[in-house]
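K.L.:
give me a model of this one.
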Amino acid sequence: MSWLSYSRGQFLLSWRVFWRNRRSTFIGFALPVLLNLVVAAPLRDRQIGGVNAAGYTTVGFIGLALVTSFVNLLGGVVARRDDLVLKRLRGTEVPPTAVFAGQIAAGGAVVLLQVAVLGGVAVGWFGAPLPADPLLLVLALVGGYLVFAVLALALSGLTPGSESAPLVAMPVLLLCMFGAGVFMPLASLPGWLRAPAHALPLAPVVQTLRTAWFGRDFGGESWDGHALPALDLLHGWQAAGPALLLIAAWAAAAVVLTRRLFRWEPRHN
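P.N.:
From the prediction side, this is the model:
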């Protein structure tokens, strides 16, 4: 069998398991959508940075979908490790990369569904425009998703067992939700928190998503600030350059951590 065949098998298995597990379906799919409806709907009549605040917030929740996918992937990897699935697969002819490629691809497919739902809400209900730069939007989504997918593999090595996986994943989710500018600009945080918040792995992803969607240089906006100037495609990429470099740095760090921390066998063995 080819690498693609093995990966496809892992994809189909992970896809079925995801939708059959109510907890993973709620956290990995429904949570960002439901939270967005609660948080963004009251902001329909407000503006931030020259764009509708509800649409601004909805794009932030698209970024949060990457983190909820991380929560599910971490729990899934730890469960498969503790059930000795990973150990058995490692002893077969299945390439190690194929073991995770299908599982990561299944999580990515769920994220695409969330992007479609949240994007439809932003445009159809909140009156946001269509993305100004779809290519930059896709790059931010792919880069951000890979960062959190690889971080899930890395942190699985520090997770004692499947029961403790939420204790490892939830702090990351909460930190990114409230500290990475998902539903409020980072300028609204206390001054001493702004620099650490900008360095969180989700912050550059959310910033780039908003720049790509609205064609404005987000990152320093505030609730009471003036409208940000519109950017053409070239200047949009220039504005997103530092954030893209930070995403790349996080991706490289995640790979290094995975190589050092990941375990194929349960921690008690």
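
K.L.:
the helix or strand hosting Leu155: what's the following helix or strand?
P.N.:
Secondary structure assignment for Leu155, by DSSP states H and E: helix 134-156. Moving toward the C-terminus from helix 134-156, the next helix or strand (DSSP H and E) is helix 165-179.

K.L.:
which positions within that next one qualify as buried?
P.N.:
Going by neighbour count (16 or more other C-beta atoms under 10 Å), the buried part of helix 165-179 is Ala165, Pro166, Val168, Ala169, Val172, Leu173, Leu175, Cys176, Met177, Gly179. No exception for glycine: its C-beta is placed from N, CA and C like everyone else's.

K.L.:
could you pull out the helices for the protein?
P.N.:
Taking DSSP state H as the criterion, the chain carries its helices at 3-20, 22-25, 31-40, 53-82, 85-90, 96-124, 134-156, 165-179, 191-199, 202-214, 233-261.

K.L.:
among those, which comes closest to Pro185?
P.N.:
helix 53-82 (8.6 Å; C-beta to C-beta).

K.L.:
and that closest one, what does it pack onto?
P.N.:
Helix 53-82 is packed against helix 3-20, helix 22-25, helix 31-40, helix 85-90, helix 96-124, helix 134-156, helix 165-179, helix 202-214, with contacts defined by 3 or more C-beta pairs under 8 Å, 6 or more residues apart in numbering; DSSP states H and E.

K.L.:
what is the rounded mean pLDDT of it?
P.N.:
Averaging pLDDT along helix 53-82 yields 93.

K.L.:
got it, and stretch 167-181?
P.N.:
On average, stretch 167-181 scores 91.

K.L.:
about what we covered before: buried residues in the helix holding Leu155?
P.N.:
So for helix 134-156, counting by 16+ other C-beta under 10 Å, buried means 136-137, 139-141, 143-156.

K.L.:
dump the C-alpha coordinates for that helix into PDB.
P.N.:
Below are the C-alpha coordinates for helix 134-156, written out as PDB (Å, rounded to 0.1, in the frame of the first residue of the first chain):
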ATOM      1  CA  PRO A 134      -8.100  34.800  -0.200                       C
ATOM      2  CA  LEU A 135      -4.600  33.600  -0.800                       C
ATOM      3  CA  LEU A 136      -3.300  35.300   2.300                       C
ATOM      4  CA  LEU A 137      -6.300  34.000   4.200                       C
ATOM      5  CA  VAL A 138      -5.600  30.400   3.200                       C
ATOM      6  CA  LEU A 139      -1.900  30.800   4.100                       C
ATOM      7  CA  ALA A 140      -2.700  32.000   7.600                       C
ATOM      8  CA  LEU A 141      -5.200  29.200   8.100                       C
ATOM      9  CA  VAL A 142      -2.900  26.500   6.900                       C
ATOM     10  CA  GLY A 143       0.100  27.900   8.800                       C
ATOM     11  CA  GLY A 144      -1.800  28.400  12.000                       C
ATOM     12  CA  TYR A 145      -3.400  24.900  11.800                       C
ATOM     13  CA  LEU A 146      -0.100  23.200  11.300                       C
ATOM     14  CA  VAL A 147       1.400  25.100  14.300                       C
ATOM     15  CA  PHE A 148      -1.400  23.900  16.600                       C
ATOM     16  CA  ALA A 149      -1.500  20.400  15.100                       C
ATOM     17  CA  VAL A 150       2.300  19.900  15.700                       C
ATOM     18  CA  LEU A 151       2.000  21.500  19.200                       C
ATOM     19  CA  ALA A 152      -0.600  18.800  20.000                       C
ATOM     20  CA  LEU A 153       1.800  16.100  19.100                       C
ATOM     21  CA  ALA A 154       4.500  17.700  21.200                       C
ATOM     22  CA  LEU A 155       2.300  18.300  24.300                       C
ATOM     23  CA  SER A 156       1.000  14.700  24.100                       C
END
